[in-house]
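[1] sharing a model prediction with you, sequence too.
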There are 2 protein chains.
Amino acid sequence: MQDTKDRILDTAERLFAERGYDATSLRAITREAGVNLAAVNYHFNSKESLLRALFGRKLGKLNERRIALLDSYEAEAGVKPVALEKIVRAFVEPVLRLGGDPASGGTGFAMLMGRMYSWPSVQLQRVFVSELREQIGRFRAAFRRALPHLPPRELYWRVFFSIGAMAHALAGSGLLAIISDGVCDPADTDGLVERLIGFMVAGLKAPLSARINGRHGKRAVPAIAHPVHPSASRAGNSTAASRR
Amino acid sequence: MQDTKDRILDTAERLFAERGYDATSLRAITREAGVNLAAVNYHFNSKESLLRALFGRKLGKLNERRIALLDSYEAEAGVKPVALEKIVRAFVEPVLRLGGDPASGGTGFAMLMGRMYSWPSVQLQRVFVSELREQIGRFRAAFRRALPHLPPRELYWRVFFSIGAMAHALAGSGLLAIISDGVCDPADTDGLVERLIGFMVAGLKAPLSARINGRHGKRAVPAIAHPVHPSASRAGNSTAASRR
DNA sequence: GTTCGATTCAAACGATCGTTTTATCGAGGC
DNA sequence: GCCTCGATAAAACGATCGTTTGAATCGAAC
């Protein structure tokens, strides 16, 4: 029955998010889902395929919404570049509102997605990234048009940081409550969306740091690391060890 | 012998970072470390205590460096508030340069730390957060002095995002290489530090978004969610489901 | 009513896990 | 020399894991 498959998927989604993939046994999933243990290997092939199916169920629609939003913003902008804030919104809003859909499994999938960005298993991460890769092209092009004066290398670093902030907000954890001593409400999805967009836009538009050596990165880095910040030498080692 | 304990700690650090805590067996650790299996439960009490000892070994010095940096910056600033960039630097530079210490286990511990911020296990996360809590007070006060015009609630949200960007940069993952198509060099620690600081400072100083309802957060949120962005209604559900 | 494919079920399989037990080793104190 | 005790070694323990097996069950087609 389709009911069995969905119950397994929903329960697995929740338990994977709560306890982690490795720490969640198929017996725990089937017990809480009220189905037989062998049903997992019957409907899906293995535990890993279950996780794969779990993502495939929702990542498709999520990506469609992202692209659709970006399309609509580009259409209304015409020949002019889309405003940076719109691009960021198209990227983060669909995924951040995943948890707000009462018909779906709630916040479980969002937490799982946030944690997926730093997943230990390389093979599972590869699946996740392959779904992401097609969007990277679209958004990368949009970002470059919105920030034409920013060197691509700087832009990519900042997009990397932005994704980190987004992933962390998805994964949640009680950290916000600890930092804010209860002042901030982690369940305020609307506030989260607007604040994260504002944070990311500002970070993406940050002034170029004078401390960054422009010749870096293209592997044309000299053999001796340049001490960037002398007063912080206590934190680092004095010997040159930047090439790793 | 002390050598046995250190070899276990070093190997565990590396394998936990590579494969994750649950996916790493004590047999794999002891095999690669060249020690007997029972040595783990002899020198440490359990696998979880091993992880605890692993963090205790380095978190202490890390926190000391953070506080010492903040102290020095505050001393040189005198009665004036410390520049925001300095506070951010004191917070992120010691941890980001953990991987650059050739005497230590390399990048393993940094990856582990980055992943710890969204650790599934609540009990292990509690240990990690308790080490962090003492610093939160110091840095929260410094941030508030550096950004006196920013409402505390907004500040805490932005610090939360900043920690997310930092944790993601620590956990690494090949995402930066994928985003940048090889243009950015993930091993460029100096560039990472300066760019992340610039990104975080800009995000922390972002202009206040007009979209954010000021009365939010204190749980005085109205029962009906306000549709913030009508054109994005396709992404969200039209019914009110913001209270979760 | 029978057949057949799809689904569910109870039970077991082999493997691996964290932990414990027991024995062995080796350097210092008396 | 014998004894002690911290450290190491080999082996086993009980539990749990993902997966498989083979029979039971069900509904629809003929």
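    Right, received. Where do you want to start? These numbers were taken from a predicted model, which means no experiment stands behind them.

[2] what strand or helix carries the nearest residue to A:Ala23 once chain neighbours are set aside?
    Leaving out its chain neighbours, the residue that sits closest to A:Ala23 by C-beta to C-beta, 6 or more residues apart in numbering or on different chains is B:Asp22, at 5.1 Å. C-betas here are computed from N, CA, C, even on glycine. Assigned by DSSP states H and E, B:Asp22 falls within no helix or strand.

[3] from B:Arg144, how far off is B:Asp22?
    Per C-beta to C-beta, to the nearest Å, B:Asp22 is found 39 Å from B:Arg144.

[4] more crowded one of these two?
    The residue with more neighbours, out of B:Asp22 and B:Arg144, is B:Asp22; 17 against 14, by other C-beta atoms under 10 Å in any protein chain shown.

[5] residue contacts, that one?
    A:20, A:22-23 (C-beta atoms under 8 Å, 6 or more residues apart in numbering or on different chains).

[6] can you give me the neighbour number for A:Gln123?
    8.

[7] so, in contact with DNA strand D or not, the lowest-mean-pLDDT helix or strand in chain A?
    Counting by mean pLDDT, DSSP states H and E, chain A has its least confident helix or strand at helix A:122-146, which shows a mean of 86. No: Helix A:122-146 lies out of reach of DNA strand D by C-beta under 7 Å from any atom of the strand, never closer than 12.8 Å.

[8] that helix packs against which elements?
    helix A:47-77, helix A:84-96, helix A:108-116, helix A:152-171, helix B:175-180 (3 or more C-beta pairs under 8 Å, 6 or more residues apart in numbering or on different chains; DSSP states H and E).

[9] where's A:Lys80 relative to A:Arg97, distance?
    According to C-beta to C-beta, A:Lys80 stands 27 Å off from A:Arg97.

[10] equivalent analysis for A:Leu132, please.
    If you measure A:Leu132 against A:Arg97 using C-beta to C-beta, the figure is 18 Å.

[11] more neighbours: these two, which one.
    Using other C-beta under 10 Å as the criterion, A:Leu132 and A:Arg97 rank with A:Arg97 on top: 22 against 18.

[12] so which of the contacts of B:Asp22 also contact DNA strand C?
    Among the contacts of B:Asp22, not one lies near DNA strand C by C-beta under 7 Å from any atom of the strand.

[13] go through the residues you listed and say which is closest to B:Pro148.
    Sorting the contacts of B:Asp22 by distance to B:Pro148 puts A:Gly20 at the head of the list, at 40.7 Å, by C-beta to C-beta.

[14] helix, strand, or coil at the nearest residue to that closest one once chain neighbours are set aside?
    Spatial nearest neighbour of A:Gly20, excluding adjacent residues (C-beta to C-beta, 6+ apart): B:Pro120 at 3.4 Å. With DSSP: H, G, I helix; E, B strand; the rest coil as the basis, the three-state label of B:Pro120 is coil.

[15] and for B:Pro120, the neighbour number?
    Look at B:Pro120: counted by other C-beta under 10 Å, it has 23 neighbours.

[16] I'd say it and A:Arg115 touch.
    Yes: at 7.4 Å, B:Pro120 counts as touching A:Arg115 under the criterion of C-beta atoms under 8 Å.

[17] which neighbours do these two share?
    In contact with both B:Pro120 and A:Arg115: A:17, A:20, using C-beta under 8 Å, 6+ apart.

[18] doesn't B:Leu204 make contact with A:Gly203?
    No: the pair A:Gly203 and B:Leu204 fails to qualify as a contact (C-beta under 8 Å) at a distance of 9.0 Å.

[19] of these two, who's got more company?
    A:Gly203 (28 against 24).

[20] who's in contact with that one?
    By C-beta under 8 Å, 6+ apart, the residues touching A:Gly203 are A:158, A:161-162, A:165, B:165, B:199-200, B:202-203, B:206.

[21] near DNA strand C too, which of these?
    With C-beta under 7 Å from any atom of the strand as the criterion, the contacts of A:Gly203 include none near DNA strand C.

[22] between those residues, which is nearest DNA strand C?
    B:Ala165 (31.7 Å; C-beta to the nearest atom of the strand).

[23] for burial, what's the neighbour tally of that closest one?
    27.

[24] ok, now A:Asn36?
    11.

[25] near DNA strand C, which residues of chain A? Just list them.
    Close to DNA strand C, as judged by C-beta under 7 Å from any atom of the strand, chain A has residues A:1, A:3-4, A:35-39, A:42-43.

[26] what residue lies at the spatial centre of chain A?
    Centroid-nearest residue in chain A: A:Ala167, 3.8 Å away (criterion: C-alpha atoms, centre = their mean).

[27] next, give phi and psi for the closest residue to it other than its chain neighbours.
    Leaving out its chain neighbours, the residue that sits closest to A:Ala167 by C-beta to C-beta, 6+ apart is A:Tyr117, at 4.1 Å. Main-chain torsions, A:Tyr117, degrees, to the nearest 10: phi -70, psi -20.

[28] wait, isn't A:Tyr117 in contact with B:His168?
    Yes: counting by C-beta under 8 Å, A:Tyr117 touches B:His168, with 6.7 Å between them.

[29] more neighbours: these two, which one.
    More crowded of A:Tyr117 and B:His168, by other C-beta under 10 Å: B:His168, with 30 against 22.

[30] list the contacts of the more buried one.
    By C-beta under 8 Å, 6+ apart, the contact list for B:His168 reads A:117-118, A:160-161, A:163-165, A:167-168, B:114.

[31] one more: A:Gln125?
    By C-beta under 8 Å, 6+ apart, the residues touching A:Gln125 are A:116, A:119, B:173-174.

[32] same question for A:Leu192.
    Per C-beta under 8 Å, 6+ apart, neighbours of A:Leu192: A:96, A:169, A:186, B:157.

[33] please repeat the previous calculation with a cut-off of 7 Å.
    The contact partners of A:Leu192, taken as C-beta atoms under 7 Å, 6 or more residues apart in numbering or on different chains, are A:96, A:169.

[34] with the one 5 residues further on instead?
    With contact taken as C-beta under 7 Å, 6+ apart, A:Ile197 is in contact with A:85, A:88-89, A:92.

[35] tell me where chain A is predicted with low confidence.
    Scanning chain A for pLDDT under 70 picks out the ranges A:1, A:99-106, A:173, A:213-244.

[36] flag every residue of it that's near DNA strand D.
    Residues of chain A that fall close to DNA strand D, judged by C-beta under 7 Å from any atom of the strand: A:24-28, A:37-38, A:40-41, A:45-48.

[37] which among the residues you listed count as buried?
    By neighbour count, with 16 or more other C-beta atoms under 10 Å in any protein chain shown, the residues of chain A next to DNA strand D hold A:24, A:26, A:40, A:47 as buried.

[38] isn't the last one right up against A:Thr24?
    No: applying C-beta atoms under 7 Å, one finds A:Lys47 not in contact with A:Thr24, separated by 8.8 Å.

[39] contacting residues around stretch A:25-36?
    For stretch A:25-36, using C-beta under 7 Å, 6+ apart, the contacting residues are A:4, A:7-8, A:11-12, A:15, A:37, A:39-40, A:47.

[40] no further questions, thank you.
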